[in-house]
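K.L.:
model this:
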Amino acid sequence: MRGMVRWSVAATMLLGLAAGCGGSGDGGSADTSGAGGDVTVPSDSGGGAPVSVTAGDKSDVSQFLTVQPTTVAAGKVTFTFKNTGNRQHEMIVLKTDTPFDQLTVGSDNRVSEDDSVGEISETDQGKTVSKTFDLAPGAYVLVCNIEKHYSQGMRSAFTVTP
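P.N.:
This next block holds a predicted model:
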């Protein structure tokens, strides 16, 4: 009986270790949008200047994206994106000199992602995801680019200094 208990404990520990070894393969953190509960995944081991981004809904036609801080030094930047809304949201990092509230919205009710330097993909409500990007100095705009979300207020200016 004691041998079975030891085997059971060992098997449980191995399964726990195997579950913790996954990753996205892109040097960032794993996407937890499908995971249960409020999950924060640590970014890659390089770390970076921490930036907190919160996405949410004021109503069906008004949404928000808050960013703190809005200015960081160039280099690795770790965004922790928390979706407090009642639907999926995402965060696209666009490097552009166009003011954050003046991007052109296309016929598909989205802005162009041609200037994208990275993103945190669609994240389910109640989830938190962290990801690190290496950002050069310049002006950026953070947006949720799901259809109509940019127009409904999901955008923020972001600056990276030398």
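
K.L.:
check which helix or strand the most centrally placed residue in the chain maps to.
P.N.:
By C-alpha atoms, centre = their mean, the mean C-alpha position of the chain lies nearest to Ile120, the distance being 3.6 Å. For Ile120, the host element (DSSP states H and E) is strand 116-123.

K.L.:
what is the next helix or strand after that strand packed up against?
P.N.:
Counting by DSSP H and E, the element after strand 116-123 in chain order, helix or strand, is strand 128-135. Counting contacts by 3 or more C-beta pairs under 8 Å, 6 or more residues apart in numbering; DSSP states H and E, strand 128-135 packs against strand 75-83, strand 89-95, strand 116-123. (C-beta placed from N, C-alpha, C; glycine too.)

K.L.:
got the contact list for whatever helix or strand comes next after strand 128-135?
P.N.:
Next along the chain after strand 128-135, taking DSSP H and E as the criterion, comes strand 138-143. Contacts with strand 138-143, where a contact means C-beta atoms under 8 Å, 6 or more residues apart in numbering, come from 53, 65, 67, 91-98, 100, 103, 111, 117, 149-150, 154-160.

K.L.:
which parts of strand 138-143 are buried?
P.N.:
Within strand 138-143, the residues scored as buried using 16 or more other C-beta atoms under 10 Å are Tyr140, Val141, Leu142, Val143.
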